[in-house]
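Visitor: This is a predicted model, with the sequence first.
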Amino acid sequence: MFDFDATLPLMAVQFLVLTFVLNAVFYKPLTKVLDERDNYVRKNEIDSREKLSKAEQIVKEYEKQIAQARRESQVILEKAQAEAKEIIAQKTAEAQKQVQAEREKAAQEIQQQKAAALTSLEQEVDVLSRQILEKLLGPELVKS
């Protein structure tokens, strides 16, 4: 089967030389490239995880700020609505007072005009009664 002559050591030497040459020419550069690629992928994965973590923290912070701003705007809106209701109530009260004052003033004017009209009517009634009496009884019998 096997002949242990001079070709066996020569084949062993060829195998070892081929192994060293393949190792130096092919395997070492290939493993170097694979290691560099693996390191690059790991580094990018670590960087991306860090960036993702930072982005999540930033998103949480922004969400907190948005929630706080919404609460503050709600408080401001409620205050503005309360102030508006107060202003409406004040203006309504002032308008009611003004209307009441104008009503009272109009009522007083009506009373004054009524009194003046009654006085005027009484004078006219007196004058007319005198004229009627003078016509009926004569001017000599009617006393002034």
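Guide: Noted; the coordinates are in hand. Computed from a predicted model, the values in this text were never measured in an experiment.
Visitor: tell me the average confidence for the longest helix seen in the chain?
Guide: Determined from DSSP state H, the single longest helix within the chain is helix 28-137. Across helix 28-137, the average pLDDT comes to 93.
Visitor: Now stretch 53-67 - C-alpha only, PDB.
Guide: C-alpha atoms of stretch 53-67 as PDB (Å, rounded to 0.1, in the frame of the first residue of the first chain):
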ATOM      1  CA  SER A  53     -30.700  54.200  24.300                       C
ATOM      2  CA  LYS A  54     -29.900  57.900  24.100                       C
ATOM      3  CA  ALA A  55     -32.700  58.400  21.600                       C
ATOM      4  CA  GLU A  56     -35.200  56.600  23.900                       C
ATOM      5  CA  GLN A  57     -34.100  58.800  26.800                       C
ATOM      6  CA  ILE A  58     -34.500  61.900  24.700                       C
ATOM      7  CA  VAL A  59     -38.000  60.700  23.600                       C
ATOM      8  CA  LYS A  60     -39.000  60.100  27.200                       C
ATOM      9  CA  GLU A  61     -37.700  63.600  28.200                       C
ATOM     10  CA  TYR A  62     -39.600  65.200  25.300                       C
ATOM     11  CA  GLU A  63     -42.700  63.300  26.300                       C
ATOM     12  CA  LYS A  64     -42.300  64.500  29.900                       C
ATOM     13  CA  GLN A  65     -41.900  68.100  28.600                       C
ATOM     14  CA  ILE A  66     -44.900  67.800  26.300                       C
ATOM     15  CA  ALA A  67     -47.000  66.400  29.200                       C
END
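Visitor: still on that earlier bit, from the chain's centre, how far out does the longest helix of the chain sit?
Guide: Computed by CA atoms, centre = their mean, to the nearest Å, the chain-centroid distance of helix 28-137 equals 14 Å.
Visitor: How about stretch 14-30?
Guide: Using CA atoms, centre = their mean, the offset of stretch 14-30 from its chain centre is 72 Å.
Visitor: Having no further points to raise, I will conclude here.
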